[in-house]
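J.: Give the three-dimensional model of this entry:
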Amino acid sequence: MKVFFNQLFDYNFYCNKKLIEECIKLEKVPEKSTMLFSHILNAHNIWNSRILGKAAEYKVWQIHPIQEWGDIHYENQRSSFEITTNAADFELRIDYENAEGRLFTNTLQDILFHIINHSTHHRSQIAMNFRDNELEPLSLDYISYKR
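T.: The predicted structure follows:
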């Protein structure tokens with residue numbers, strides 16, 4: 001399971017890094033894309049924090065300047081690799097409170113997969129937003145990454 005999650009987080013890191021590099025090159029990043037990518041970073045931090053039992057550094061929809069994306073992304077990745085490396089049981093149940101204050105419990109495995117899936121979902125929205133703004137979206141398919 002560790003190898004699987006490390007591969008998924010490598011892929012996630014690659015995709016986000018490519019998107020950050022592309023956005024830095026643009027004269028103007030579409031506002032919706034900035035909002036969505038900031039949300040990807042925030043959610044990753046929030047989920048890592050829930051797993052580690054500590055307070056999150058960011059709010060769900062907090063906007064970050066593009067110049068900060070790389071550092072936030074790197075720290076999220078470092079934290080996720082620490083979590084997967086130290087995990088003894090991926091079926092471990094994690095209790096947490098969501099943004100609305102409701103209590104939930106999910107397995108570590110489910111939460112880690114959610115981080116990846118959530119990021120992919122919003123990168124797809126960013127790709128659509130790029131097209132809506134006459135920008136060419138990046139090709140970030142998993143199978144292309146694995147080739």
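
J.: which parts of the helix or strand hosting Arg123 are buried?
T.: Element membership of Arg123, judged by DSSP states H and E, is helix 108-132. In terms of neighbour count (16 or more other CB atoms under 10 Å), helix 108-132 has its buried residues at 108-109, 111-113, 115-116, 118-120, 122-123, 125-127, 129-130. In this view, the C-beta of every residue, glycine as well, is placed from N, C-alpha and C.

J.: Stretch 53-72 now?
T.: Quick answer for stretch 53-72 (16+ other CB under 10 Å): 56, 58, 64, 69, 72.

J.: What of stretch 1-12?
T.: For stretch 1-12, by 16+ other CB under 10 Å, it's 5, 8-9, 11-12.

J.: Same question for stretch 13-23.
T.: Result for stretch 13-23 [16+ other CB under 10 Å]: buried residues 13, 15-16, 19-20, 22-23.
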